[in-house]
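Asks: I'll drop the sequence and a predicted model, then ask my questions.
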Amino acid sequence: MSTMGNSTNIFWQESPIGKLERQKLLNQKGCVVWITGLSGSGKSTLACSLSRELYTRGKLSYILDGDNLRHGLNKDLGFKADDRTENIRRVGEVAKLFADTGLICIASLISPYRKDRDACRAMLPDANFIEARLLEDGLHEHVRQEIQKAFTSLHVLERLKIFSPYLDLISLHSRSYIQPGFTGIDDPYEPPLNCEIEIQQKDGDCPTPGAMAGEVVSYLEEKGWDVYQQASGSNM
């Protein structure tokens, strides 16, 4: 048996009940639906709507929400690049465990760096990791640009030491909403190159939460994750 990390006395312990048995018990296949997108694009809305839709179909899921996890599992992490990477690594490991139990794990995080999302994909058989990106609409992009302008203007004012009755007020409000390392403002967001699902506007209208969830459920049904197929002998 192989050892992990720097330890010489840590070994993988096999369970007497395997993934196939757990999936048969739940009558579904475990997988990870990883929802990525900019802040405010609707990730949590989709995650909750998808979980509810799966529940109505008798399928068990669990949501790993980025903000929720920072209240516990990842409360010791900040928003620097290294912390973001560790944040996603931990979530990926938990998602992998949930999928192994036979759950449909819904991970809802900005997860801005492509390499971190790809590392999570590599933790599972490729078909078990389903990346869904919410494309920000025109309004969201307009808001992002306006915030970028405000953020840049604030720094220009401070560097030039321009004093005005409003500078303190600008600083107070801007800094309360725009922290350094804000994704899409002064920290990059790297979109997926080949994600399985892209949810975007149709005829200029944003889809409803139910419609978005329906797109994901349709994909799961097409790929056979809705019902466990004992005859297939798959260990997916």
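Replies: Received, thanks. Numbering: from 1, shown residues only.

Asks: contacts, neighbours, all on C-alpha from now
Replies: Will do.

Asks: could you say which helix or strand holds residue 97?
Replies: helix 81-101 (DSSP states H and E).

Asks: which residues touch that helix?
Replies: 19, 22-23, 30-32, 64, 74, 77-78, 104-107, 111, 113, 116-117, 119-120, 123-124 (Cα atoms under 8 Å, 6 or more residues apart in numbering).

Asks: mind doing that once more with 6 Å?
Replies: 19, 30, 31, 77, 120 (Cα atoms under 6 Å, 6 or more residues apart in numbering).

Asks: can you check stretch 36-51 too?
Replies: 108, 109, 110, 133, 134, 136, 209, 213.

Asks: buried sites along it?
Replies: Using 16 or more other Cα atoms under 10 Å as the test for burial, stretch 36-51 gives 36-39, 41-51.

Asks: endpoints of that stretch, how far apart?
Replies: Terminal residues of stretch 36-51 are spaced 16 Å apart (Cα to Cα, to the nearest Å).

Asks: returning to what we had before: so for the helix holding residue 97, mean pLDDT?
Replies: Across helix 81-101, pLDDT averages out at 96.

Asks: beyond that helix, next helix or strand please.
Replies: strand 104-108.

Asks: and the buried residues of stretch 36-51, which of them are in helices?
Replies: Residues of the buried residues of stretch 36-51 located in helices (DSSP state H): 43, 44, 45, 46, 47, 48, 49, 50, 51.

Asks: can I get those residues in CSV with pLDDT and distance to residue 60?
Replies: Formatted as CSV, those follow (pLDDT from 0 to 100; distance: Cα to Cα, whole Å):
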residue, pLDDT, distance to residue 60
43, 92, 19
44, 93, 18
45, 93, 18
46, 95, 16
47, 96, 13
48, 96, 13
49, 96, 13
50, 97, 11
51, 97, 8
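
Asks: want to throw those residues into TSV with distance to residue 129?
Replies: Formatted as TSV, these follow (distance: Cα to Cα, whole Å):
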residue	distance to residue 129
43	17
44	18
45	20
46	17
47	15
48	19
49	19
50	16
51	17
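
Asks: many thanks, have a good one.
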